[in-house]
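S.K.: what's the 3D shape of this:
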Amino acid sequence: MTRAVLVAGIGNLFLGDDGFGPEVVRRLATDPGPPLPGGVRVVDYGIRGMHLAYDLLDGYDALVLVDAYPGGGAPGELTVLEVGPDDLGAGEFDAHGMNPVSVLANLGQLGGTLPLTHVVGCTPADVEEGIGLTEAVAAAVPEAVAEVRALVRRVSAAGPAPTPESAPAPVPARTRRS
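M.R.: Below is the predicted model:
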């Protein structure tokens, strides 16, 4: 049995490189590569945090967030993180915006639990008003698509998610690629 996986592209396409997540999931949906495993749903959430929160209540086993990530690297550098509840802290939930940390940290208030979560992030060059990715971030999109595909295959092949009683404690993982 494969896991139910949600791939969520997040970001504001009217703020330059912040549109990285939506662009990656758009390419993933139109990519002529091999189909994603069954049970994988790919969605462009843009800045609709409440929509993402409610969709997570459907009981996904894993979540892959794709977003611009201000990790301090060179523009276009990809970072892959595994995120657990202890990494989130607290944040005020804004029903009209998208703050991924707040959305995930407040999932419990809606009756949900954080699934196995990975972030595929790209260091932006410019997040000022404007439509379109900078050259460095646009060049990272194909690699991000490949990274998401590989990650989805790994987590979906792992079988059903363990119950909270049998699950090991989450260990933050970080991988940088440029």
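
S.K.: spit out the contact partners of the spatially most central residue of the chain.
M.R.: Geometric centre of the chain, nearest residue: residue 65, 0.4 Å, by CA atoms, centre = their mean. Residue 65 is in contact with 8, 10, 21, 100, 117-120, counting by CB atoms under 8 Å, 6 or more residues apart in numbering. Placement of C-beta: from N, CA and C, glycine included.

S.K.: you'd agree residue 151 is in a strand?
M.R.: No: secondary structure of residue 151 (DSSP: H, G, I helix; E, B strand; the rest coil): helix, not part of a strand.

S.K.: the residue nearest to the centre of the chain pairs with what?
M.R.: In this entry, residue 65 is beta-bridged to residue 8, residue 119, by DSSP bridges.

S.K.: any idea how far it lies from residue 32?
M.R.: To residue 32, residue 65 is 24 Å away according to CB to CB, to the nearest Å.

S.K.: now residue 140
M.R.: Distance from residue 140 to residue 32, by CB to CB: 20 Å.

S.K.: more neighbours: which of the two?
M.R.: residue 140 (25 against 4; other CB atoms under 10 Å).

S.K.: please name the nearest non-neighbouring residue to the more buried one.
M.R.: The spatial neighbour of residue 140 that comes closest, neighbours along the chain excluded (CB to CB, 6 or more residues apart in numbering), is residue 76 at 4.3 Å.

S.K.: what's the spacing between the one you found and residue 30?
M.R.: Plainly put, residue 76 is 21 Å away from residue 30 if you go by CB to CB.

S.K.: same question, residue 131
M.R.: From residue 131 to residue 30 the distance is 19 Å (CB to CB).

S.K.: ok, now residue 116?
M.R.: 26 Å.

S.K.: name the residue in the two with the higher neighbour count.
M.R.: residue 116 (20 against 7).

S.K.: let me know the pLDDT of the residue nearest to that one when sequence neighbours are not counted.
M.R.: Excluding the flanking residues, the one nearest residue 116 by CB to CB, 6+ apart is residue 62, at 4.4 Å. The confidence metric pLDDT takes the value 96 at residue 62.

S.K.: residue 62 against residue 83, yeah?
M.R.: No: counting by CB atoms under 8 Å, residue 62 stays clear of residue 83, with 11.4 Å between them.

S.K.: overlap of the contact sets of the two?
M.R.: 117-118.

S.K.: give me the number of residues near residue 142?
M.R.: Other residues near residue 142 come to 12 when the count uses other CB under 10 Å.

S.K.: give the contact list for it.
M.R.: residue 27.

S.K.: next: residue 146.
M.R.: Taking CB under 8 Å, 6+ apart, one finds nothing in contact with residue 146.
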